[in-house]
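Q: I would like to see how this sequence folds:
(2 chains)
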Amino acid sequence: MPTSATSNHPSRPEDLIGRLNSAHTPYEAKLKALRDLKNQIIGNRTKKLAFLKLGAVPSVVSILSSAAAAQGGGGDNREFYESVLIQSAAVIGSFACGLDAGVKAVLDAGAFPLLLSLISHLNEKVADAGARSLKLIYQSKRAPKYEFLQEKNMEFLLSLLNSKNENVTGLGANIITHSCQTTAEQQALSEAGVIKRLVGLLGGSINQKDASLESLAAMVKENPEVSAKFMGPENGRALNVVIELMKDKHPRTRLLACMCLISIRNTSTSYLQDSGIKNSLVSVLLELLDDPGPVGDEAPFVLSSLITEKEDMQKIAFNANLIEKLCEHLNAGSYQAKRLQGIFLLLGDLCSKLECCRDRVLDLQVLNFVTEALAHDSAEVRTAACNFLKNVSRSVKNLSAGQFMNEAVAVPLVRLLCDSSSSVQIAALGAISNIVVDFMAHKSVLVQCGGVKQLVQLSKSMESAIRVNAVWALRNLTFLVSYRCKEEILLELTSATLISLINDPEPSVQGQALALVRNLVDGTLNSINYVFGEDGAVLHAIARQLRSTSKVEVQIQGMYTLSNVASGNELHKEAVMNQLLPQAGNDAEKTLVKFLQSTDSRLCTATLWALINLTFPGSPGTCRRVTELRNAGIITQLKNMINDHCLDVKLRARMALGQLMIFGDSSS
Amino acid sequence: MNKLVMNFLVTEGYVEAAEKFRLESGTEPDIDLATITDRMAVKKAVQSGNVEDAIEKVNDLNPEILDTNPQLFFHLQQQRLIELIRNGKVEEALEFAQEELAPRGEENQGFLEELERTVALLAFEDVTNCPVGDLLDISQRLKTASEVNAAILTSQSHEKDPKLPSLLKMLIWAQNQLDEKATYPRINDLSTAALEDPAV
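A: Model (predicted):
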């Protein structure tokens, strides 16, 4: 390896690039320039970016290309050309190391096939250089997708995995980790005997263990068959080896071992379910949370994959004092966005189902950190904080105590409704939806900070996910709310918007819109009058939707809305009656009959309530309505329902029948 | 026992001793002795204050090491600055601090505190007696050298600490534990490892 004279002043970037590009520069000088460049950029992200802008990568790739072509000629210069290959490969690898822009530049310049050709070079150092650089490329999402399903590619991959060279096997493993995505690919790799080879690597060096663990996790993910094969007899005690690696000296190995086990656990519910392994996983990951480096950044996400949606795991984590640990980290002031996102992600997971977790979190004053997190630069942190709020506010006890309806929480949340990222908006809507279910009806805070305006604005969004969540929030907001508040909401919303929401192309939005109306008309006569205004357009819209929709959720909300309206005065009852049981038209149009015959008990119940309200004694038109209903054959229908297995249906049917029978003597 | 000794010699980098030991005892070292020479050259360069040379050598050995060890890279750059200051090259030191060290602080906020300490050296006339004067100690060079040594060993998938000291610590611990429970022949002098019968 040629030694270089130590210089105190690094060359100016432009000069360096100039020397690399110039045809006049002698080859020895180019080699020196390459080494110089390499030593300037390794470890130095700022310099890498600067050199990228100057077009360093295409220059270096072209030198690599000509050296690769030239050294085929052999002769005395072989050693020299090999040095050029090594240095240029190292430069390219460094540009690709942990820098997406670098990877892109390297791939765009056509380095990939050149590096590939180096792997099989006789000179081990050249092979190393090529393998290393490719490995670094494959650690980035931008690496080209490797097509495992092509036979030649599979053979090549196997040759990589079977190599004696650690960098080459590492490359093979990285390719799998990066590109193995579909079930078919996992299957193909498994059938080619890759698992056995990866299991072999588990007994190798630190780097081989780590690379292998990652690849195994990618292969077994969501694939019960490959999972079972991994744990099968032909792979020996592979599972036990991985379990042992949870106690390895190196934090990264411990983390990856946990990740691999969690992957298996989440795929096949028959494995790794005993309490011993559950507790081990939690305690190992808990300890890794304290790691100051990248391992500590990744650990929360791995832990989340273990506990998310799993109440038993959340309980174990709670008992292991995970919440206290997360609070310690928050108190220590983590600036790194990734770590903060991880902490809130975990807090969200913990609070998703367990009341004890929500209590503990609130006791430890975590809400003090939420305000800042909601205004963080990183969209991921903002989203995680919103999701955490959504979950912790599921605590009815604390919700009623008014823990969340305060300025520190509500104001930043409302601000997020016009966030530039739609995922943040949706997450904020989710949190607001829960928070506004305030049984004390102290909703003025939200109204005051312009929350209603924002929600109405979002209900007109082009994205259906945003629309549905905005309407949901409005629906929750109008739950048991004061008449004055309803006025304000409807003023902002307008009947026209309401009708268009009822007629929205998405059934989920229709359902929420109808539920919103249901809440609006719940309560006094004034509420009903206010919603229907002069022309009853909203009522028409509801009835029309009821006739055309096939989604039962929409039908249920619609029926309850009409039922609420039917609890009003004579005019209201007549209006509903006309919609449900029109004079003209055939039986198919008689919504009332159709719904009573539904197999869904919830829909039957809702319809029965409407019926009960329509025939409630004491109203002048009741008698007439009862006759109409009898003529439509409702009595027979009801008699079929009085012994229904669903208690709600049974009791309401009897009540309705009773009311119809009161007026029943004349006709039968 | 021989393996333990070889492991110690290899990890600490005593190449000639390891070679001799291999010939005399027939114990095979667990890594290639040639790589030890490279590693020792790096360590020596840092210990002599030739940091730039050390960086070049590390990059020749394995270009990934400094690319994946931001803390180590920062400490090496820090040492470069210290050496420039030690040699009285104030202008160069200022330029270096601005061009090479400041970006490290931008890239990683965790380095800011140490960065400030190091740059503070430039503020003092009498560097050896200032609050951050300890940075000029030889011990700082040794610390950095040790860090590089460990990183190289790890990259070669070798344990960065020799097993012998840990084993001795465990021996002492085990004896302390046993002391509470029984009397037994004890090793009191580690250099002779003689078993001494318990006092009657």
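Q: make it CA atoms for all contacts and neighbour counts henceforth
A: Noted.
Q: tell me the contacts of A:Trp609?
A: A:Tyr560, A:Ser563, A:Arg652 (CA atoms under 8 Å, 6 or more residues apart in numbering or on different chains).
Q: Show me what residue of chain B gets nearest to chain A.
A: Chain B approaches chain A most closely through B:Asp67 (4.1 Å), counting by CA to the nearest CA.
Q: If you tally nearby residues, what's the number for that residue?
A: Around B:Asp67 sit 21 other residues, with neighbours defined as other CA atoms under 10 Å in any protein chain shown.
Q: any idea how far it is from A:Lys38?
A: 11 Å (CA to CA, to the nearest Å).
Q: Now the common contact residues for those two.
A: A:Ser94.
Q: who in chain A is up against chain B?
A: A:6, A:39, A:42-46, A:90, A:94, A:97, A:205-207 (CA under 8 Å from any CA of the partner chain).
Q: Same list (these) but as TSV, adding pLDDT, neighbour count and secondary structure.
A: As requested, the residues of chain A next to chain B are arranged in TSV below (pLDDT from 0 to 100; neighbours: other CA atoms under 10 Å in any protein chain shown; DSSP: H, G, I helix; E, B strand; the rest coil):
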residue	pLDDT	neighbour count	secondary structure
A:Thr6	41	11	coil
A:Asn39	95	24	helix
A:Ile42	95	26	coil
A:Gly43	93	26	coil
A:Asn44	93	22	coil
A:Arg45	92	21	helix
A:Thr46	92	16	helix
A:Ala90	96	28	helix
A:Ser94	96	30	helix
A:Cys97	94	27	coil
A:Ser205	85	16	coil
A:Ile206	86	22	helix
A:Asn207	87	21	helix
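Q: Name the nearest of the residues you listed relative to B:Glu19.
A: A:Ser205 (23.7 Å; CA to CA).
Q: got a list of what the nearest residue to that closest one once chain neighbours are set aside touches?
A: In this structure, A:Ser205 finds its nearest non-sequential neighbour in B:Ser157, 5.4 Å apart by CA to CA, 6 or more residues apart in numbering or on different chains. Going by CA under 8 Å, 6+ apart, B:Ser157 touches A:Ser205, A:Ile206, A:Asn207.
Q: my guess is B:Ser157 is in a strand, correct?
A: No - with DSSP: H, G, I helix; E, B strand; the rest coil as the criterion, B:Ser157 is located in coil rather than a strand.
Q: Quick check: phi and psi at it.
A: phi 60, psi 30 (degrees, to the nearest 10).
Q: now swap in B:Ile187 and tell me
A: phi -90, psi 110.
Q: Need the nearest residue in space to it, chain neighbours excluded.
A: B:Leu195 is the one closest to B:Ile187 (CA to CA, 6+ apart), at 4.9 Å.
Q: Now for A:Leu198, how many residues are close by?
A: 26.
Q: Let me know whether it touches A:Ala217 as I believe.
A: No - A:Leu198 is beyond contact range of A:Ala217, at 10.8 Å (criterion: CA atoms under 8 Å).
Q: For A:Arg265, see how far away A:Gln273 is.
A: When A:Gln273 is compared with A:Arg265 (using CA to CA), they lie 7 Å apart.
Q: again with A:Ser305
A: 10 Å.
Q: Comparing these two, which shows the higher neighbour count?
A: Between A:Ser305 and A:Arg265, counted using other CA under 10 Å, the more crowded position is A:Arg265 (21 against 16).
Q: Would you confirm that the more buried one contacts A:Ile277?
A: No - counting by CA under 8 Å, A:Arg265 stays clear of A:Ile277, with 10.2 Å between them.
Q: Now do B:Ala18 against B:Asp60, distance only.
A: 24 Å.
Q: Show me how chain A divides into domains.
A: By the assignment in the TED database, chain A contains the domains A:12-144, A:396-493.
Q: Least confident of the ones you listed, on average?
A: Lowest mean pLDDT within the domains of chain A: domain A:396-493, a mean of 86.
Q: nearest residue to A:Pro175 other than its sequence neighbours?
A: No, residue A:175 isn't Pro; it's Ile. A:Tyr138 (6.0 Å).
Q: Can you give me every residue that contacts the one you found?
A: So A:Tyr138 contacts A:Leu171, A:Asn174, A:Ile175, A:His178 (CA under 8 Å, 6+ apart).
Q: quick one, what contacts the last one?
A: A:His178 makes contact with A:Tyr138, A:Gln139, A:Ser140, A:Lys141, A:Ala143, A:Lys145, according to CA under 8 Å, 6+ apart.
Q: Among these, name the buried ones.
A: A:Tyr138, A:Gln139, A:Ser140, A:Ala143 (16 or more other CA atoms under 10 Å in any protein chain shown).
Q: could I have the helix or strand hosting A:Ile17 exported to CSV, CA atoms only?
A: Using DSSP states H and E, A:Ile17 sits in helix A:13-21. Extracted in CSV, the C-alpha atoms of helix A:13-21 (Å, rounded to 0.1, in the frame of the first residue of the first chain):
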residue,chain,number,x,y,z
PRO,A,13,-12.5,20.6,-3.0
GLU,A,14,-12.6,22.2,-6.5
ASP,A,15,-8.9,21.5,-7.1
LEU,A,16,-9.3,18.0,-6.1
ILE,A,17,-12.2,17.3,-8.4
GLY,A,18,-10.3,19.1,-11.1
ARG,A,19,-7.4,16.8,-10.7
LEU,A,20,-9.6,13.7,-10.8
ASN,A,21,-11.3,14.8,-14.0
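Q: And A:Asp644, its phi and psi?
A: phi -60, psi 150.
Q: What is the burial count for it?
A: That count, for A:Asp644 with other CA under 10 Å as the rule, works out to 14.
Q: Helix or strand: which one has residue 112?
A: All of this is about chain A. helix A:111-118.
Q: meant chain B, my bad for not saying
A: helix B:112-120.
Q: Going by contacts, tell me the helices and strands next to that helix.
A: For helix B:112-120, the contact count by 3 or more CA pairs under 8 Å, 6 or more residues apart in numbering or on different chains; DSSP states H and E identifies helix B:70-86, helix B:102-107 as packing neighbours.
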